[in-house]
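Asks: Dropping a prediction and its sequence here:
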Amino acid sequence: PLVRGALLHTTDALGTTQARRFEAAYTALRPSFEMLEFVPVSPRATGLTSEVARLRAWAPDVLLLAVRLPIVGLLFRHLARDPLGVPAIVSLGTPELADAARAAGVGAAAERVMELAPWPNPRNARTRRLADEFMKRSGGRPLDAVGGYAHEAILVVADALERAGTAESEALAEALRRTSFANPLMVAAGPVVFDARGENPNA
């Protein structure tokens, strides 16, 4: 039974946004389990001793992850030395978590992690058209996250170029800052916008 949950998240835009959105969904849906703690970690951390100690003290039934790739190897190497004893680990969308774990030499530790991966939005008619065209041009390969994000990035730049009316760098940069690209191709809150740091808080 799932009684207690905890979330480990990086303090960058990716981790903070996922943690904030999860907390809002948890509050709105009121599931039967208790969220004990949201544990922040720097994406440039070199150790996780204090964070894992906090998690151990709470003894959650599920550990949720919203972290950047460098933390993946760090976390699973730590857990290999000092197991947390958590029955389930769910990633809320760490890009390429399994690949990062394999590259860090801890692939086996991530074998049973459930991962919510970013993916093209099958409910978007424009995405479905792209998926059909992608499959034709790629010899039958399905549209994946890499292809979807690459295509979406090109559309965002094309939109900015059209609004700027020029490829001159200052005008294009200003057009990108004013971007509000509705109906994104990827599963996202949308629209694609950029904050002062150049991050898309709706990703």
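Replies: Everything's here; your move.
Asks: Now residue 37, what are its backbone angles?
Replies: phi -160, psi 140 (degrees, to the nearest 10).
Asks: Residue 128 too?
Replies: Per degrees, to the nearest 10, the backbone of residue 128 is at phi -60, psi -40.
Asks: Next one: the closest residue to residue 192 other than its chain neighbours from residue 33, what distance?
Replies: With sequence-adjacent residues excluded and distances taken as C-beta to C-beta, 6 or more residues apart in numbering, residue 192 is closest to residue 181, at 3.8 Å. All C-beta atoms are positioned from the backbone trio N, CA, C, and that covers glycine. Distance, residue 181 to residue 33, using C-beta to C-beta, to the nearest Å: 36 Å.
Asks: who has more neighbours, those two?
Replies: residue 181 (19 against 14; other C-beta atoms under 10 Å).
Asks: Contacts only, for the more buried one.
Replies: 155-156, 159, 190-193 (C-beta atoms under 8 Å, 6 or more residues apart in numbering).
Asks: Spell out which residues sit in contact with residue 124, please.
Replies: Contacts of residue 124 (C-beta under 8 Å, 6+ apart): 183-185.
Asks: Please spell out which residues along the helix-or-strand element of the chain with minimal mean pLDDT are buried.
Replies: The helix or strand of the chain with the poorest confidence is helix 97-103; it has a mean of 83 (mean pLDDT, DSSP states H and E). Residues 97-98, 100-101 are the ones in helix 97-103 that count as buried (16 or more other C-beta atoms under 10 Å).
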